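Novice: With the input below, show me the fold.
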Amino acid sequence: MTERPSAVRSWHRVVESQDLALLDGLLADDVVFWSPAVFAPQHGKALTTRYLTAAMAVLSHSLRYLSEWHDHSSAVLEFEAELDGVYVQGVDMLRWNDQGKLVSFTVMVRPMRGLEKLIELMGRQLA
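Specialist: Residues are numbered from 1 along each chain as shown. As a prediction, the model looks like this:
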């Protein structure tokens with residue numbers, strides 16, 4: 001197995017430490033966040049930080065990464081969580097630039113019931 005890329009290590013450090021200040025050094029200024037619940041991409045570090053902060057508040061108590069696949073500039077991280085008794089399974093798809101900063105963060109979630117619960121809880125955080 002190849003060594004985990006620095007961007008992936010940095011993301012895991014954010015999740016494990018719950019230190020969202022670490023996002024500032026991990027996200028590129030022009031990062032794009034792709035939400036499973038919002039059609040339009042969310043552009044920029046500020047919006048991406050807002051979404052990831054809300055996601056951490058909603059998911060952090062039960063988020064568990066199961067496996068990951070990566071190459072020199074991208075990774076797919078499979079996760080699961082439980083939200084108010086509803087099972088959620090998904091993937092985070094990360095892409096980074098030559099400086100190791102994330103330029104794209106895409107989240108996909110299943111099943112529909114889990115996505116609906118995630119939308120409900122994220123909506124409260126983002127309100």
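Novice: which stretches of the protein aren't confidently modelled?
Specialist: 1-2 (pLDDT under 70).
Novice: Could you give the bridge partners of the residue nearest the centre of it?
Specialist: Relative to the mean C-alpha position of the chain, the nearest C-alpha, by CA atoms, centre = their mean, is the one of D92, at 5.3 Å. Beta-bridge pairing for D92 (DSSP bridges): L77, V107.
Novice: hey, where'd the strands end up in this protein?
Specialist: 27-34, 42-43, 64-70, 74-83, 86-96, 102-110 (DSSP state E).
Novice: mind putting the ones you listed in TSV, distance to L121 included?
Specialist: For every residue, glycine as well, the C-beta is placed using N, CA and C. Converted to TSV, the strands of the chain look like this (distance: least, CB to CB, whole Å):
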stretch	distance to L121
strand 27-34	17
strand 42-43	18
strand 64-70	17
strand 74-83	6
strand 86-96	10
strand 102-110	12
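Novice: Tell me which of those strands lies nearest to I119.
Specialist: Closest of the strands of the chain to I119 is strand 102-110, at 9.1 Å (criterion: CB to CB).
Novice: Quick one: list the elements packing against the closest one.
Specialist: Where contact means 3 or more CB pairs under 8 Å, 6 or more residues apart in numbering; DSSP states H and E, strand 102-110 is packed against strand 27-34, helix 45-59, strand 86-96.
Novice: In TSV, list these along with distance to S17.
Specialist: Listed next are the helices and strands packed on strand 102-110 as TSV, based on distance: least, CB to CB, whole Å:
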stretch	distance to S17
strand 27-34	16
helix 45-59	11
strand 86-96	17
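Novice: of all the ones you listed, which lies closest to R124?
Specialist: Closest to R124 of those is helix 45-59 (CB to CB; 8.3 Å).
Novice: buried residues in stretch 86-104?
Specialist: The neighbour-count check on stretch 86-104 (16 or more other CB atoms under 10 Å) flags 86, 88, 90-96, 100-104 as buried.
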